[in-house]
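1. After the sequence you'll find the predicted model.
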Amino acid sequence: MTYYLIAGERSGDLHGGNLIRAIYRHDPAARFRAWGGEQMEAAGATLVRHYREMAFMGFWEVVQNLGAIRRNFRDCERDLLETRPDVLILIDYAGFNLRMARFAKRHGIRVFYYISPKVWAWNQKRALKIKATVDRLFVILPFEVDFFARYDYQVDYIGNPLMDAIADFQPEAGFRDQFTKPVIALLPGSRKQEVEGMLPTMLAVSRQFPAYQFVVAGVSNLPEALYRQHLQAYPDIPVVTDQAYDLLAAAEAALVTSGTATLETALLNVPQVVCYRTAWLSYQIARRLIAVPFISLVNLIAGKKAVTELIQEALDPRQAAAELARILPGAPDRDQQLADYEALREKVGGPGASERAGEKMVAYLREQPVRQ
């Protein structure tokens, strides 16, 4: 069978790669075509377009890039009709993928959604649109099962694929030895807008902790020059590229941009402060639409404030430093955060999500007719 996958960001590419490998185990003759990145390509997919051409964050940023976004829609629609896969598998990335779900449904292409759009966060009635256009929805957060049940939509809970990546992780020998001081990790994100919005503040915090070695987690899909321009005034702070897990395994604490990385940091048991800043207009729109009390996955899954979230104006060097100081070794909030992490891991469950998703997808394609 032919599988067509779409992921619009780095984490989706990682999970897509693991999903492809799982599908291969249950459908050895499978063929894959994908919008994604290196992980999906390495797993065996023919890469149509890289996610770096699709990663636009925030309402205002989307408006500024409408021309490129429209071209991506047209190109993807054309390619789908030319290739006519057995199934379109969408991975998160709601703005693009929900439109592609509607398009595929209209043209008789079965649609699976792996890692649900966060419709529970805002405009929750979009769940009805998903129900109308998505044949099978595979969710990775425990509370999503009950959320979609409110709309009479039965979904498949398969656990969290981050646990697969973490279970497979083996720290690089000698990585920690290159640093002579205790390490604090800076994870400014995987998008240009995130790095520009968060990294300057994260770096400024380092001046208040001379006893620690601050290290930036860089990503190879962004140019080195982006990091260099911010690090000119911080010659003692290195960047390690595509080694976020190694860095977290070596770190005493972390400053982390809101997103998947907050959950990864928690599952790797590293105390953290969550950081988030976007364009003023994007934030003003978002704060009027958001229907949940937190922005980080850690707090949303925990159902409480397990980690501090510094959002927009609250994200300044003084406040970030104060919150970081509270979770360092021997500080008052560290033990509580680690205890909350333990409870979080119990909710998330163990590894095997990718395998369960791949097995279920192949079974549904073989056994069930396309829903009309």
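-> Structure received.
2. would you list every one of the helices in the stretch 251-372 of the chain?
-> 260-267, 280-289, 297-302, 317-325, 334-348, 353-367 (DSSP state H, counting those that start in this stretch).
3. Mean confidence (pLDDT) on the second one, please.
-> Right, helix 280-289. Mean pLDDT, computed over helix 280-289, is 56.
4. one step back: out of the helices of the stretch 251-372 of the chain, flag the one nearest residue 19.
-> Taking C-beta to C-beta, helix 353-367 is the member of the helices of the stretch 251-372 of the chain nearest to residue 19, at 5.4 Å. From N, CA and C alone the C-beta is placed, and that goes for glycine too.
5. in the closest one, what's buried?
-> For helix 353-367, the neighbour count (16 or more other C-beta atoms under 10 Å) marks 353-362, 364-365 as buried.
6. which one of those sits closest to residue 26?
-> Lowest distance from residue 26 to the buried residues of helix 353-367 (C-beta to C-beta) belongs to residue 362, with 4.1 Å.
7. hey, where'd the strands end up in the stretch 151-300 of the chain?
-> All strands of the stretch 151-300 of the chain, identified by DSSP state E, counting those that start in this stretch, fall at 156-157, 183-187, 213-218, 239-241, 251-257, 272-276.
8. Sheet-wise, list the partners of the fourth one with their directions.
-> Pointing back at strand 239-241 there. Strands that pair with strand 239-241, judged by DSSP bridges, come out as strand 213-218 (parallel).
9. Quick check: the most centrally placed residue in the chain vs residue 228, distance?
-> Geometric centre of the chain, nearest residue: residue 260, 3.6 Å, by C-alpha atoms, centre = their mean. Distance of residue 260 to residue 228, given as C-beta to C-beta, to the nearest Å: 25 Å.
10. Kindly export stretch 169-178 (C-alpha atoms) in CSV.
-> What follows is stretch 169-178, C-alpha atoms only, in CSV (Å, rounded to 0.1, in the frame of the first residue of the first chain):
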residue,chain,number,x,y,z
PHE,A,169,18.2,7.2,23.6
GLN,A,170,21.7,6.3,24.7
PRO,A,171,23.8,9.3,26.0
GLU,A,172,26.9,9.9,24.0
ALA,A,173,30.0,8.7,25.9
GLY,A,174,32.1,11.6,27.1
PHE,A,175,29.5,14.3,26.2
ARG,A,176,29.3,15.6,29.8
ASP,A,177,33.1,15.5,30.2
GLN,A,178,33.6,18.5,27.9
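11. For residue 216, give the beta-bridge partners.
-> Taking DSSP bridges, one obtains residue 186, residue 239 as the residues bridged to residue 216.
12. Can you give me the distance of it to residue 19?
-> 29 Å.
13. These two: which has the busier surroundings?
-> Taking other C-beta atoms under 10 Å, residue 216 and residue 19 do not tie; residue 19 has more neighbours (30 against 23).
14. follow-up on the earlier one: closest to residue 68 out of the strands of the stretch 151-300 of the chain?
-> Set against residue 68 and scored by C-beta to C-beta, those come closest in strand 251-257, at 23.0 Å.
15. and that closest one, what does it pack onto?
-> strand 183-187, helix 192-205, helix 260-267, strand 272-276, helix 317-325 (3 or more C-beta pairs under 8 Å, 6 or more residues apart in numbering; DSSP states H and E).
16. and residue 177, which of these is closest to it?
-> Comparing the helices and strands packed on strand 251-257 under C-beta to C-beta, the one sitting nearest is strand 183-187, at 11.3 Å.
17. That closest one - what's its average pLDDT?
-> The average pLDDT within strand 183-187 is 98.
18. where in the stretch 201-350 of the chain is pLDDT low?
-> By pLDDT under 70, the low-scoring segments of the stretch 201-350 of the chain are 279-293.
19. hmm, I was thinking of the stretch 51-200 of the chain
-> Residue ranges of the stretch 51-200 of the chain with pLDDT under 70: 55-65, 67.
20. so where do the helices sit in it?
-> With DSSP H, counting those that start in this stretch as the criterion, the stretch 51-200 of the chain has helices spanning 59-64, 66-83, 94-106, 126-133, 142-149, 162-168, 192-205.
21. Could you export the ones you listed as JSON lines, including mean neighbour count and distance to residue 333?
-> Formatted as JSON lines, the helices of the stretch 51-200 of the chain follow (neighbours: other C-beta atoms under 10 Å; distance: least, C-beta to C-beta, whole Å):
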{"stretch": "helix 59-64", "mean neighbour count": "15", "distance to residue 333": "33"}
{"stretch": "helix 66-83", "mean neighbour count": "13", "distance to residue 333": "41"}
{"stretch": "helix 94-106", "mean neighbour count": "19", "distance to residue 333": "33"}
{"stretch": "helix 126-133", "mean neighbour count": "17", "distance to residue 333": "36"}
{"stretch": "helix 142-149", "mean neighbour count": "15", "distance to residue 333": "25"}
{"stretch": "helix 162-168", "mean neighbour count": "18", "distance to residue 333": "24"}
{"stretch": "helix 192-205", "mean neighbour count": "21", "distance to residue 333": "16"}
